[in-house]
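A.B. asks: The sequence isn't on hand, but the structure is:
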Ligand SMILES: Cc1cc2nc3c(=O)[nH]c(=O)nc-3n(C[C@H](O)[C@H](O)[C@H](O)COP(=O)(O)O)c2cc1C
């Protein structure tokens, strides 16, 4: 049964022993972040800070910060199984997009279409603050690191519509607080919200924006997913939670937002207005440099009476976002396997910050197959940013770092098995040659064959005879050696 709202998820976490309430008063400036960092980095529970010095709204951190909590959020026993359903959903959505106008799309899943509910049923509009009453000081926005330029909203769902097609986008982009009614809008240029803004800016128009903070957990997660263009995050959330997302119309902008959210910020981003955003201590474990980003001007804040303020604390891994990204690795693996035949498994290790390092196993079928897969990955959506991609044979468990490092050292010759490339870089790539492009390296750690210039016989793995293993297996428990 899908969670009605974030409060219902908090109750579930508490029942599961996955949430700790903290009644002592702490500050939203650095203190909550430091406590959360210590707990996150040892894979501890979600934290509910009930008493904050300043605003009276409790702060919820680290809700997604473990594999178990991610599975609880998505209400699944197995993220891998859910991944197969995700593939079917994406295929059906993309097919529908390609159907000619006028032809009937095949029966939609009843959960996917959001439901628009009247304003008087929308808890996120229980309290309304407009004009002079708009004040971000009502919200305990966290400042996470001492060198941060200011407090930043770190789990916002940014809703925009394409100025021409009115297609919706929802993305998660941090928002540094600049004043009582202004924030920076830190969307990278290639993100959905940024593309809507670029169109509006070209037409000299303002872009309406609504920011939902703290809807139910599936919608929060969906906003972070690398969905193909044209696939609506709200429909995706409805599909994942097997219940439609309830939306309500905003009061001052022509957008709809999840009605169960803790709070909504409504406003606009104006063409050619920029501010300095950052430095910000982010999930690379380094501070991002200050750079120019658009300004979000808030016209209205609405809230629940019992609002919580959910926030994630970035920092050197492992932190909460690593587990959100790991869920994405599992959920989108079947789609990647479909796009690039031969791939068996992928491990994006959390220390690689989901942009730096990928370990990939393949069922190698022909000379050069590993190199083909490396280049196919660089050509595929989010993988275009990956700095290091290492390819292994199918019998290597890429989730096991010991196996990965053992094969990596043994199976490659740097003169033959490394390929370099150059291309676009992620905004967080701080060491790249240029501001927009940089180098990439692919390492082929698969067994080499004659067609790949390996003229000798590939050495056999050291393994035990199966009859000896069976004999020892039979007496193993009696030896008392486990
Ligand atoms: C906690 C968290 C914070 C994020 N912050 C940003 C950010 O500040 N800017 C950004 O462009 N992407 C950020 N992302 C990544 C985007 O949310 C993600 O790429 C998402 O797919 C974007 O959606 P879009 O493709 O519809 O724009 C963040 C992700 C997470 C999980």
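C.D. replies: Okay, I see it. It should be emphasised that the depicted structure is a prediction, and the values quoted were computed from it without experimental measurement. Numbering: from 1, shown residues only.
A.B. asks: CA atoms for contacts and neighbours, from now on please.
C.D. replies: Fine.
A.B. asks: And the nearest residue to residue 176 once chain neighbours are set aside, its phi and psi?
C.D. replies: Distance criterion Cα to Cα, 6 or more residues apart in numbering; nearest residue to residue 176, sequence neighbours excluded, is residue 152 at 4.0 Å. Backbone dihedrals for residue 152, given as degrees, to the nearest 10, come out at phi -130, psi 140.
A.B. asks: ok, how many other residues are close to residue 152?
C.D. replies: The local packing count at residue 152 equals 24, with neighbours defined by other Cα atoms under 10 Å.
A.B. asks: what about it, distance to residue 84?
C.D. replies: 36 Å (Cα to Cα, to the nearest Å).
A.B. asks: Residue 300: neighbouring residues, count only.
C.D. replies: Neighbour count for residue 300, taken as other Cα under 10 Å: 23.
A.B. asks: surely residue 169 meets residue 157?
C.D. replies: No: contact criterion Cα atoms under 8 Å: residue 169 and residue 157 do not qualify, at 9.7 Å.
A.B. asks: Between the two, which is the more surrounded one?
C.D. replies: Neighbour totals were compared for residue 169 and residue 157, and residue 157 leads with 27 against 24 (other Cα under 10 Å).
A.B. asks: tell me the secondary structure for the more buried one?
C.D. replies: Secondary structure state of residue 157, per DSSP: H, G, I helix; E, B strand; the rest coil, is strand.
A.B. asks: so it makes contact with residue 213?
C.D. replies: Yes: the criterion here is Cα under 8 Å, and residue 157 meets it with residue 213 at 6.3 Å.
A.B. asks: re the thing from before, look at the residue nearest to residue 176 and report its pLDDT.
C.D. replies: The model reports residue 152 with a pLDDT of 98.
A.B. asks: when you give positions from now on, start the count at 6
C.D. replies: That works, and once the first residue is 6, the last one we named lands at residue 157.
A.B. asks: which ones are touching it?
C.D. replies: Applying Cα atoms under 8 Å, 6 or more residues apart in numbering, we find residue 157 in contact with 146, 147, 148, 179, 180, 181, 182.
A.B. asks: Give me the subset of these that also touch the ligand.
C.D. replies: When Cα under 6 Å from any ligand atom is taken as the criterion, the members of the contacts of residue 157 that contact the ligand are residue 179.
A.B. asks: ok, and the most crowded of the contacts of residue 157?
C.D. replies: Sorting the contacts of residue 157 by how many neighbours each has (other Cα under 10 Å) puts residue 181 first, at 28 neighbours.
A.B. asks: I'd guessed that residue sits against residue 280; true?
C.D. replies: No: look at residue 181 against residue 280 with Cα under 8 Å: they stay out of range, at 10.2 Å.
A.B. asks: Give me the common contacts of the two.
C.D. replies: Counting by Cα under 8 Å, 6+ apart, the contacts common to residue 181 and residue 280 are residue 189.
A.B. asks: What's opposite residue 299 in the beta bridge?
C.D. replies: The residues paired with residue 299 through beta bridges, assigned by DSSP bridges, are residue 279.
A.B. asks: okay, now it: neighbour count?
C.D. replies: One way to gauge burial is a neighbour count; for residue 299, by other Cα under 10 Å, it gives 21.
A.B. asks: Report pLDDT for it.
C.D. replies: Reading off the per-residue confidence, residue 299 sits at a pLDDT of 98.
A.B. asks: how much space between it and residue 259?
C.D. replies: The spacing between residue 299 and residue 259, counted by Cα to Cα, is 20 Å.
A.B. asks: now do residue 396
C.D. replies: Between residue 396 and residue 259 the distance, using Cα to Cα, works out to 47 Å.
A.B. asks: higher neighbour count, the two?
C.D. replies: The neighbour comparison of residue 396 against residue 259 (other Cα under 10 Å) goes to residue 396, with 27 against 13.
A.B. asks: can you pull the contacts of the more buried one?
C.D. replies: For residue 396, the contact set (Cα under 8 Å, 6+ apart) comprises 364, 365, 366, 367, 375, 379, 447, 448, 449, 450, 451.
A.B. asks: Could you export the residues you listed to a markdown table, including columns for secondary structure, pLDDT and neighbour count?
C.D. replies: A markdown table is the format used below for the contacts of residue 396 (DSSP: H, G, I helix; E, B strand; the rest coil; pLDDT from 0 to 100; neighbours: other Cα atoms under 10 Å):
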| residue | secondary structure | pLDDT | neighbour count |
| --- | --- | --- | --- |
| 364 | strand | 98 | 21 |
| 365 | strand | 98 | 28 |
| 366 | strand | 98 | 27 |
| 367 | strand | 98 | 23 |
| 375 | helix | 98 | 30 |
| 379 | helix | 98 | 22 |
| 447 | strand | 98 | 23 |
| 448 | strand | 98 | 24 |
| 449 | strand | 98 | 28 |
| 450 | coil | 98 | 25 |
| 451 | coil | 98 | 24 |
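A.B. asks: Please identify which pair of these lies farthest apart.
C.D. replies: Spatial extent of these (Cα to Cα) is set by the pair 367 and 447 at 14.1 Å.
A.B. asks: Just name whatever secondary elements the helix or strand bottoming out on mean pLDDT in the chain is in contact with.
C.D. replies: The element with the least model confidence among the helices and strands of the chain, by mean pLDDT, DSSP states H and E, is helix 84-103, at a mean of 91. In this structure, helix 84-103 packs against helix 325-344, with contacts taken as 3 or more Cα pairs under 8 Å, 6 or more residues apart in numbering; DSSP states H and E.
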